[in-house]
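>>> Attaching a predicted model along with its sequence, questions to come.
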Amino acid sequence: MSDEPANSASGGGFKAWLRTSWVAIVLVIVALAMCFSNTAQGSRAFSPFDEWVYYDYISKVPSQLYVHQGENIGEDALSLMACFGDGYGPRGEPCTGLDGTYDEPELYPQEGKTSADPYTPAYFATTWAAASVIQFVTGVDLLIASRAVSALWLAGGLIVLTMFLREFRLRPILILGLGLSYTGLSTTFYASNFISTDAPSLLAGATLGLLAVKFAKTGRYAPWLAIAAAVAVWFKITNIFAVGIVVLALLAHAFFRHRAGYRSAPPSPVRMAVVAAITAATAIAAEIIWLLIWKASSVGEGPDQGISTDLSPRATIASLFTFLLPRDGVSIGMGWSAIMQAPYAALLVAGVVGWFFRDHHDDRNRAWSIAIAVSATLFAPALMIAFQLLLGEVAPVIPRYTLGMAPMMLLAIGMIANNRISVWLILAYGITISTFSLAGFYL
């Protein structure tokens with residue numbers, strides 16, 4: 001018996017995509033309008049979220065492909081930091097114009113050393129390539145062109161997100177509301193309006209989810225799923241969380257199908273489990289290969305960012321809610337930004353918890369609900385423990401790491417929105433918060 005929610009719509013495949021293509025078109029238009037409008041309103045100052053080291057990485061792609069541990073920031077980024085600064089204002093040497101000489105990196109944050117060295121060149125090389133085309137066509141500089149590429153990452157992610165959610169037969173109007181809600185978040189704003197390694201995360205997570213669902217349904221796409229897992233972690237290691245969700249979902253689905261007596265239906269439970277294991281192994285192997293290259297090419301010690309702490313039982317317990325409660329809620333004195341995003345946190349809790357406890361009659365939906373609930377609660381403390389065991393210290397685990405998991409989180413919300421009132425409330429919220437972002441309130 002199929003566990004088809006009340007918000008479902010019949011049909012699948014290419015015809016279903018044609019019926020819902022308008023949703024993707026609207027989402028892309030809104031996303032691009034938000035990004036380009038805010039880029040036009042914004043300044044040349046870097047965002048406070050490491051944009052200056054990301055810009056430095058991109059500017060060095062043509063000459064060296066990737067940056068090395070202990071490497072100094074180049075003059076291009078130093079000049080922009082000196083003249084325009086970041087969220088804290090200009091820093092470093094006095095500005096003598098962008099064509100001036102900037103050769104005292106020790107005066108800058110992090111003593112002028114890069115902190116982007118742990119990243120593979122996957123994101124930076126593709127962004128540089130796309131930015132070069134934008135520069136050639138429009139004549140803008142590398143900073144603006146690279147920021148524009150972030151908008152394209154968001155647009156691509158929303159298209160694949162629509163396809164992924166459609167696999168679960170959510171209504172087009174509900175998919176629109178969910179997509180607009182994601183577009184309006186402050187984390188999405190900073191990932192899509194500035195140079196950010198978080199920019200491709202929505203696309204990575206949605207692609208992994210879509211391939212996993214299609215593999216479980218048809219038995220095909222297994223090689224593509226393994227390749228996508230490796231590429232996802234090369235773009236950003238935190239995308240391993242999205243890999244983890246699809247691996248858990250496939251393993252749970254295989255278990256339920258085995259228990260129900262499905263032995264040979266494509267794909268068989270055994271093959272599902274094997275593909276899940278290969279997907280996880282491929283992602284882990286890809287990251288290990290990069291870490292070996294990273295360490296072998298080091299030219300010195302990286303900067304001390306002063307954010308590491310020791311693992312404590314209290315911090316470990318608190319991290320159970322890091323991904324499930326990405327916002328602090330509403331309280332007196334909070335800014336409009338936090339207040340606007342509090343409903344998303346409430347929807348997230350309701351979706352993850354509500355779908356987990358829902359009475360399922362479909363093995364696929366039950367498997368995904370379990371995988372999402374486990375990842376939302378246990379992945380953050382697992383990462384902290386891994387940091388402690390591997391590095392001897394713990395770096396902060398922040399809600400922004402969930403961007404690769406966002407398609408699955410949005411799915412959980414959509415699967416409990418099983419009446420017209422909830423669907424229209426989500427759409428109203430999505431329109432409101434995306435308008436909030438479009439108007440530049442985060443600048």
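Yes, it's here.

>>> What ranges in the stretch 1-150 of the chain fall below the confidence cut-off?
1-20, 42 (pLDDT under 70).

>>> 80 - rerun?
The model of the stretch 1-150 of the chain has pLDDT under 80 over residues 1-20, 38-43, 87.

>>> Quick one: the helices in it, in order.
Ranges of helices within the stretch 1-150 of the chain are 13-41, 51-64, 75-83, 122-138, 142-166, based on DSSP state H, counting those that start in this stretch.

>>> Out of those, the one nearest Ser312 is which?
The minimum distance between Ser312 and those falls on helix 51-64, with 29.3 Å, by CB to CB. The way it works is simple: take the backbone N, C-alpha and C, and place the C-beta from them, glycine included.

>>> what packs against the closest one?
In terms of contacts (3 or more CB pairs under 8 Å, 6 or more residues apart in numbering; DSSP states H and E), helix 51-64 is packed against helix 75-83, helix 122-138, helix 142-166.

>>> Turn the ones you listed into JSON lines, including distance to Glu51.
Converted to JSON lines, the helices and strands packed on helix 51-64 look like this (distance: least, CB to CB, whole Å):
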{"stretch": "helix 75-83", "distance to Glu51": "9"}
{"stretch": "helix 122-138", "distance to Glu51": "12"}
{"stretch": "helix 142-166", "distance to Glu51": "9"}
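
>>> Using CSV, lay out those helices together with mean neighbour count.
Output for the helices and strands packed on helix 51-64, formatted as CSV (neighbours: other CB atoms under 10 Å):
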stretch, mean neighbour count
helix 75-83, 23
helix 122-138, 17
helix 142-166, 23
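
>>> Of all those, which one is nearest Ala350?
When those are compared (using CB to CB), the closest one is helix 142-166, at 17.0 Å.

>>> Which other helices and strands does the next helix or strand after the closest one contact?
Counting by DSSP states H and E, the next helix or strand C-terminal to helix 142-166 is helix 172-183. With contacts defined as 3+ CB pairs under 8 Å, 6+ apart, the packing partners of helix 172-183 are helix 13-41, helix 142-166, helix 406-416, helix 420-438.

>>> Quick one: closest of the ones you listed to Ile245.
helix 406-416 (5.1 Å).

>>> What angle do helix 172-183 and that closest one make with each other?
Inter-element angle recorded for helix 406-416 and helix 172-183: 140 degrees (by axes from the mean of the first three to the mean of the last three CA atoms, to 10 degrees).

>>> mind listing what Met272 touches?
Met272 makes contact with 215-216, 250-251, 253-254, 257, according to CB atoms under 8 Å, 6 or more residues apart in numbering.

>>> In ChimeraX, select just the buried ones from the residues you listed.
Only the buried entries of the contacts of Met272 go into this ChimeraX selection, using 16 or more other CB atoms under 10 Å:
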select :215,216,250,251,253,254,257
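
>>> Kindly reformat the contacts of Met272 as TSV containing secondary structure, distance to Pro121 and pLDDT.
Shown next, in TSV, are the contacts of Met272 (DSSP: H, G, I helix; E, B strand; the rest coil; distance: CB to CB, whole Å; pLDDT from 0 to 100):
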residue	secondary structure	distance to Pro121	pLDDT
Phe215	helix	29	96
Ala216	helix	33	93
Leu250	helix	30	97
Leu251	helix	32	96
His253	helix	35	94
Ala254	helix	35	93
Arg257	helix	40	88
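
>>> Just name the closest of the contacts of Met272 to Leu389, please.
Distance to Leu389 across these (CB to CB) is lowest for Leu251, with 23.3 Å.

>>> That closest one - nearest residue in space that isn't next to it in sequence?
In space, and not counting its chain neighbours, Leu251 is closest to Ala276: 5.0 Å by CB to CB, 6 or more residues apart in numbering.

>>> follow-up on the earlier one: could you identify which of the helices and strands packed on helix 172-183 is most buried?
With neighbours defined as mean count of other CB atoms under 10 Å, the helices and strands packed on helix 172-183 peak in mean count at helix 406-416, which reaches a mean of 26.

>>> chain center to that helix, what's the gap?
Relative to the chain's own centre, helix 406-416 is displaced by 14 Å; criterion: CA atoms, centre = their mean, to the nearest Å.

>>> what angle separates that helix from helix 420-438?
Going by the same axes, to 10 degrees, helix 406-416 makes 150 degrees with helix 420-438.

>>> How about residues contacting helix 406-416?
5, 7, 161, 164-165, 168, 170, 174-175, 178-179, 181-182, 201-202, 205-206, 209, 242, 245, 347-348, 350-352, 354-355, 358, 365, 368-369, 371-372, 375-376, 402, 422, 426.

>>> picking that back up, so which of the helices and strands packed on helix 51-64 comes closest to Ala40?
Nearest to Ala40 among the helices and strands packed on helix 51-64 is helix 142-166 (9.7 Å), distances taken as CB to CB.
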